[in-house]
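> Below is the structure, and that's it, no one-letter string:
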Ligand SMILES: C[S@@+](CC[C@H](N)C(=O)[O-])C[C@H]1O[C@@H](n2cnc3c(N)ncnc32)[C@H](O)[C@@H]1O
């Protein structure tokens with residue numbers, strides 16, 4: 001159980017979601033079988049809707065794993081989509097490239113293998129949407145490095161912000177996760193009070209924060 005919402009509500013919402021088919025289902029199954037964390041179905045659905053509403057085409061993802069969410073982002077963004085996605089783990093980055101090729105999306109998705117904290121220093125393009133889904137203990141530093149890469153009126157989506165409910169309830173915090181939980185609390189305070197952002201925290205999946213970058217005044 002996620003400790004975010006009641007299991008019966010979560011199960012019901014998930015029962016309404018369309019199921020993956022073909023290669024994407026195969027990638028999802030492989031991730032689950034190998035304990036590779038990937039976005040929950042309801043988060044995938046929310047991402048697709050936000051991409052459609054915001055008409056995002058240029059997307060930056062931090063935390064590729066094996067490419068599952070990058071493929072979903074790319075499919076939702078449709079024609080002329082371009083996704084840059086950063087993954088620290090070399091083996092996962094290689095598998096992501098393989099999966100992206102299987103989906104025929106290698107011209108639309110660029111996998112950058114490296115530490116986002118370093119890679120972000122070298123990116124200078126502007127993105128319509130940033131999806132933050134890696135290095136939970138470093139979200140604030142990653143955002144500080146990437147906020148100028150997000151266009152005005154762009155969208156930042158941060159996943160796992162409630163981290164198994166621990167971020168919202170001290171009684172759930174396991175000792176070895178205390179630092180991450182404290183950092184995530186600081187991150188949420190930061191994005192909820194940031195002068196350039198308007199943020200809503202949504203209790204689905206492992207907790208998602210959606211932030212809109214306001215126009216510069
Ligand atoms: C939750 S998984 C990403 C799941 C993926 N977005 C999906 O849903 O298919 C987080 C990934 O972030 C990667 N990661 C952790 N720290 C990172 C860093 N500093 N830079 C880049 N990637 C990092 C991990 O290796 C892991 O594969």
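Arrived safely. Keep in mind that this is a model prediction, so the values were computed, not measured. Residues are numbered from 1 along each chain as shown.

> Quick one: residues contacting the residue in the chain that the ligand sits nearest to.
Ranked by C-beta to the nearest ligand atom, the top residue of the chain for proximity to the ligand is residue 134, at 2.6 Å. Using the backbone N, CA and C atoms, a C-beta is placed for each residue, glycine as well. Contact partners of residue 134, counting by C-beta atoms under 8 Å, 6 or more residues apart in numbering, are 62-64, 86-88, 116.

> hmm, try it at 6 Å
By C-beta atoms under 6 Å, 6 or more residues apart in numbering, residue 134 lies in contact with 62-63.

> before we move on, which element is it in?
For residue 134, there is no host helix or strand (DSSP states H and E).

> does residue 167 count as helix, strand or coil?
When classified by DSSP: H, G, I helix; E, B strand; the rest coil, residue 167 comes out as coil.

> In contact with it, which residues are there?
Going by C-beta under 6 Å, 6+ apart, residue 167 touches 181, 184-185.

> what about residue 193, neighbour count?
Neighbourhood size, residue 193 [other C-beta atoms under 10 Å]: 9.

> Now residue 202. Nearest residue, chain neighbours left out?
Closest residue to residue 202 apart from its sequence neighbours, by C-beta to C-beta, 6 or more residues apart in numbering: residue 208 at 4.9 Å.

> Relative to residue 195, how far out is that neighbour?
Counting by C-beta to C-beta, to the nearest Å, the gap from residue 208 to residue 195 is 22 Å.

> And the pLDDT at the residue nearest to residue 202?
pLDDT recorded at residue 208 is 98.

> now residue 170
pLDDT, residue 170: 95.

> give me the beta-bridge partners of residue 84?
Per DSSP bridges, the residues bridged to residue 84 are residue 60, residue 110.

> ok, it touching residue 110?
Yes - counting by C-beta atoms under 6 Å, residue 84 touches residue 110, with 4.9 Å between them.

> okay, these two: which has more neighbours?
residue 84 (21 against 14).

> returning to what we had before: can you list the contacts of residue 167 in JSON lines and add neighbour count and distance to residue 3?
Listed next are the contacts of residue 167 as JSON lines, based on neighbours: other C-beta atoms under 10 Å; distance: C-beta to C-beta, whole Å:
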{"residue": "181", "neighbour count": "22", "distance to residue 3": "12"}
{"residue": "184", "neighbour count": "24", "distance to residue 3": "14"}
{"residue": "185", "neighbour count": "15", "distance to residue 3": "16"}
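
> okay if I get those as a markdown table plus pLDDT?
Output for the contacts of residue 167, formatted as a markdown table (pLDDT from 0 to 100):
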| residue | pLDDT |
| --- | --- |
| 181 | 97 |
| 184 | 98 |
| 185 | 98 |
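
> Just the ones of the residues you listed in helices?
If you go by DSSP state H, these have 181, 184-185 in helices.

> so which of these would you say is closest to residue 68?
residue 184 (22.4 Å; C-beta to C-beta).

> so who does the closest one touch?
163, 167.

> What parts of the protein come near the ligand?
Residues of the chain found near the ligand (C-beta under 6 Å from any ligand atom) are 37-39, 62-63, 65, 68-69, 86-89, 92, 115-117, 133-135.

> In strands only, show me the residues you listed.
Among those, DSSP state E puts 62, 86-87 in strands.
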